[in-house]
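[1] Here is a sequence together with a model predicted from it:
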Amino acid sequence: MIDTRLAPYGAFLLRIALGVMLLAHAYMKIVTFTVPGFEGFLAQLGLPTVLAWPIILGELFGGLALVAGVYSRLVSILVLPILLGAIWVHAPNGWSFSATNGGWEYPAFLSLAAFVQALIGDGAFALRRTVLPASSPAGRVAKAA
């Protein structure tokens, strides 16, 4: 059973944690790796270097939107390709993220966290809530008529 009194605060904490993680990774790509360094990394993987900026901006603006609570469900779905791509990048390194060059456990967890955020909603303290179409049986019957 879900505690409806506390669930919005759990969704809020998940949203903040996911947003901060995305911001940290964008910062790391800009400051530590540098954009040219990240482009080189993508090239080593056989990926187009033009993906560097969309990935960085997706993490940056996705993280900001999640922390602020701006359309969190939608943003969580939009950052999933970046997170799923990280699983692909880290898969050859094994399961544990403590492996050399990091394994795929952490990106997999973050992907699942983003999916869960999309399922459970914006949580408490959201600035702009994601509005979903009505899913009640009565709403479906009304649309069909």
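    The structure has been received and is ready for your questions.
[2] The one helix or strand residue 81 maps to packs against which elements?
    For residue 81, the host element (DSSP states H and E) is helix 72-90. Packing partners of helix 72-90 (3 or more Cβ pairs under 8 Å, 6 or more residues apart in numbering; DSSP states H and E): helix 7-27, helix 52-68, helix 105-120. No exception for glycine: its C-beta is placed from N, CA and C like everyone else's.
[3] Residue 41: which of the ones you listed is closest?
    Closest of the helices and strands packed on helix 72-90 to residue 41 is helix 52-68, at 8.6 Å (criterion: Cβ to Cβ).
[4] relative to helix 7-27, how tilted is that closest one?
    Taking axes from the mean of the first three to the mean of the last three Cα atoms, to 10 degrees, one finds helix 52-68 and helix 7-27 inclined to each other by 150 degrees.
[5] Residue 87 contacts residue 105, doesn't it?
    No: if you go by Cβ atoms under 8 Å, residue 87 and residue 105 don't touch, sitting 9.4 Å apart.
[6] picking up where we left off before, mind putting the helices and strands packed on helix 72-90 into CSV with mean neighbour count and mean pLDDT?
    Shown next, in CSV, are the helices and strands packed on helix 72-90 (neighbours: other Cβ atoms under 10 Å; pLDDT from 0 to 100):
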stretch, mean neighbour count, mean pLDDT
helix 7-27, 18, 98
helix 52-68, 19, 98
helix 105-120, 18, 97
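[7] Grab the nearest non-local neighbour of residue 111.
    Nearest non-adjacent residue to residue 111, counting by Cβ to Cβ, 6 or more residues apart in numbering: residue 83, 4.2 Å away.
[8] That concludes my questions; thank you for your assistance.
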